[in-house]
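>>> 3D, please:
(chains A and B)
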Amino acid sequence: MNNFTETEERQALRKAVYDFGSKYGHEYYLKIAREGGHTNELWDEAGKLGYMGVAVPEEYDGGGGGIGDLAAVCEELCAAGTPLLLMVVSPAICGTVIARYGTEEQKQHWLPRFATGEVRMAFAITEPDAGSNSHKITTTARQDGDDWVLNGQKVFISGVDEAEAVLVVGRTEDAKTGKLKPALFIVPTDAPGFEAQDIPMDIVSADKQFTLFFDNVRLPANALVGESTDTALLQLFAGLNPERIMGAAFSLGLARLALNKATEYAKTRNVWGAPIGSHQGIAHPLAQIKVEIELAKLMTQKAAALYEAGDDMGAGEAANMAKYAAAEAAVHAVDQAVHTHGGNGLATEYGLGAMIAAVRVGRIAPVSREMILNFVAQHSLDLPKSY
Amino acid sequence: MTNIVVLVKQVPDTYSERKLAETDHTLDRESADAVLDEINERAVEEALKIKEAGEGEVTVLCVGPDRATDAIRKALSMGADKAIHVSDEALHGSDILATAKVIAAAIGKVEGVDLVIAGNESSDGGAGAVPALLAELLGMPQLTYAHHVSVEGSAIKVDRETADEGITHLEANLPAVVSVTEKINEPRYPSFKGIMAAKKKPVETLTVADLGLDAGEVGLDNAWSTVSEAAPKPPRTAGEKVEDDGDGGTKIAEYLVGQKLI
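Just a heads-up that it's a prediction; the model follows:
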């Protein structure tokens, strides 16, 4: 980013995606989510328009854009009331990892279908006993002839029932040292020994959460991402910045959705002969949220620009800060939107009550607010490590 | 191969508050968001469908100020091949007669036009007469208010639908001028590749002089009609409340009779 205006193409993309999402709208999304369904037609249509594959390289039939374009798509869909949670995972993490570190065979097999949105891939890193501590991951792959045999458990994995495969972060024994080191595997969701149990959640979402069990899941040699396990750590880091940038975009879109609802209501709701938005008690908190959103958006754009420029470390700091700021903005926006609506804020018709838990997720996932503050304290402020 | 020209216009977004300029009563373009008129998106969509069903080239033609490039870009991002943009200060305040003349002259710059597709009327001026005027100027048959179009060889068939006449089946030889209604189709959203390609597509910018027209034929001073006065729409008044004491239906009927609606 050399200036503070997005390119004409980025702006046109935002407009097109927002218009497209609005055709479906928040009511459509909530209806499907409350019925326990999936927004497949929305995903598929967005895929055909190339919106899910904007960041897939052109040589694999993708849009050839960057993470900034993908984040713009994600944000606009959320702002239009049609959040697609798997965008954070499938094209952003899995697509990026495979595009940067996959074997040519893996790229040929997966990327053209990431480009069209035809395939969705879940991402599994969190474990019941590991949480944010990825050093404690216990899902382990054992080599058996040419095959890999995977055992372990994962928790809070999004959209597994919609996914053709899961990118699983596991560990394997290093041939030379005998130490366990990370390894990423593409596991088909129909593999024998693979089981996904959905976790009942108090979030109105069209994408479910799952606990995964791997019981001697036998995988062919080419299930391992890349030529060897040597690049696994790099693969992991390659996926983390896009994940945070997309998490920020997701929160930003939801924050905009809530703020739009609140300002519309504040303009039209008349009490004592004046729209309630003319009172500073209503107007100022909404103005504050607008400030928070714009700041978080700017940091998200910066993170995307640094990432695209190849500055992974610089992007890491910005992406963490963006994700933090966007999640806070979204939580504040929904809270204030509910408050602006009074009783209507919790009436089903207005769809805001459903957003309370949805934006709260942004403070927890993909990494908690506290872990981000740890990162900033340690890396940006050079404070001693606390854990 | 069908060589199609689609007329597109940039208009103030119908969702925003639209008003006339206080000085000369022309459209106040600065006061509202400018968008590609939705009916033109349908015209572009129809042209693209004809092109995709066989072979063809789609040129979008826009008469409007410099910032109308945004509307042109949108049409190109949907899949049109190239554009002509007639932009000239002298055109400010032109009436439909002058507009039709300019459009006819610009179409003359495209070689071998088979089909001109327009929206039936714009959402700002709303005269609804430009397609017909244009057909007269070009000496082409006019098939207006189309809700269905099919091109078969050198012939075009159109189902024309109007509120007064119902459906009329029209047929003509190409070249022809067609105007479409909002029932014609659902316009596509620009794909990412379409958006990225749009900027690289050729846009030819022309002035009134380039078209061989005289500035004295166009613009506000040469318009056949003038707006002498304009006032904003009065705010909506509170409705009439009818208490239902078991005779609510009768009271509604009486109200409707009073309004000469039934």
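>>> A:His291: how many residues sit nearby?
Residue A:291: Val, not His. 10 (other Cβ atoms under 10 Å in any protein chain shown). C-beta: built from backbone N, CA, C; applies to glycine.
>>> Give me the helices and strands touching the host helix or strand of B:Tyr145, please.
Following DSSP states H and E, one finds B:Tyr145 within strand B:142-152. Other helices and strands packing on strand B:142-152, by 3 or more Cβ pairs under 8 Å, 6 or more residues apart in numbering or on different chains; DSSP states H and E, are helix B:38-53, helix B:130-138, strand B:155-162, strand B:166-173, strand B:176-180.
>>> With B:Asp28 as the reference, name the closest of these.
Nearest of the helices and strands packed on strand B:142-152 to B:Asp28, taken as Cβ to Cβ: helix B:38-53 at 20.1 Å.
>>> and the angle for that closest one with strand B:142-152?
30 degrees (axes from the mean of the first three to the mean of the last three Cα atoms, to 10 degrees).
>>> Downstream of helix B:38-53, the next helix or strand is which one?
Heading C-terminal from helix B:38-53 (DSSP H and E), you reach strand B:56-63.
>>> what residues are up against the residue of the stretch 101-250 of chain B found nearest chain A?
Per Cβ to the nearest Cβ, B:Phe192 is where the stretch 101-250 of chain B lies closest to chain A, at 3.7 Å. By Cβ atoms under 8 Å, 6 or more residues apart in numbering or on different chains, the residues touching B:Phe192 are A:13, A:49-51, A:53-54, A:63, A:65, A:69.
>>> make it 10 Å
Each residue near B:Phe192 by Cβ atoms under 10 Å, 6 or more residues apart in numbering or on different chains is listed here: A:9, A:12-13, A:16-17, A:46, A:49-55, A:62-65, A:69-70, A:73, A:115, B:77.
>>> re the thing from before, any idea which of the helices and strands packed on strand B:142-152 is most buried?
Highest mean neighbour count among those (mean count of other Cβ atoms under 10 Å in any protein chain shown): strand B:176-180, with a mean of 28.
>>> Parallel or antiparallel, list what pairs with that strand.
Partners of strand B:176-180 in the sheet, by DSSP bridges, are strand B:115-119 (parallel), strand B:142-152 (parallel).
>>> Could you list the low-confidence segments of the stretch 151-300 of chain A?
A:175 (pLDDT under 70).
>>> Okay, domains of chain A per the record?
A:8-120, A:123-230, A:233-380 (automatic domain parsing).
>>> Would you reformat those as JSON lines and include distance to chain B?
Below are the domains of chain A laid out as JSON lines (distance: least, Cβ to the nearest Cβ, whole Å):
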{"stretch": "domain A:8-120", "distance to chain B": "4"}
{"stretch": "domain A:123-230", "distance to chain B": "21"}
{"stretch": "domain A:233-380", "distance to chain B": "12"}
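>>> most tightly surrounded among the ones you listed?
Per stretch, and counting mean count of other Cβ under 10 Å, the top mean among the domains of chain A goes to domain A:8-120, which has a mean of 21.
>>> Next, the contact list for A:Ala238, please.
Per Cβ under 10 Å, 6+ apart, neighbours of A:Ala238: A:93, A:96-101, A:231, A:307, A:312.
>>> Let me know the closest of those residues to B:Glu136.
Using Cβ to Cβ, A:Ala99 comes nearest to B:Glu136 of the contacts of A:Ala238, at 56.8 Å.
>>> is it fair to say that closest one lies in a strand?
No: applying DSSP: H, G, I helix; E, B strand; the rest coil, one finds A:Ala99 to be helix, outside a strand.
>>> For chain A, which segments are assigned as strands?
For chain A, applying DSSP state E gives strands covering A:121-124, A:140-144, A:147-158, A:165-173, A:180-188, A:194-199, A:209-219, A:270-271, A:274-275.
>>> would you turn the ones you listed into CSV with distance to B:Thr250?
Shown next, in CSV, are the strands of chain A (distance: least, Cβ to Cβ, whole Å):
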stretch, distance to B:Thr250
strand A:121-124, 62
strand A:140-144, 79
strand A:147-158, 58
strand A:165-173, 66
strand A:180-188, 69
strand A:194-199, 56
strand A:209-219, 57
strand A:270-271, 32
strand A:274-275, 37
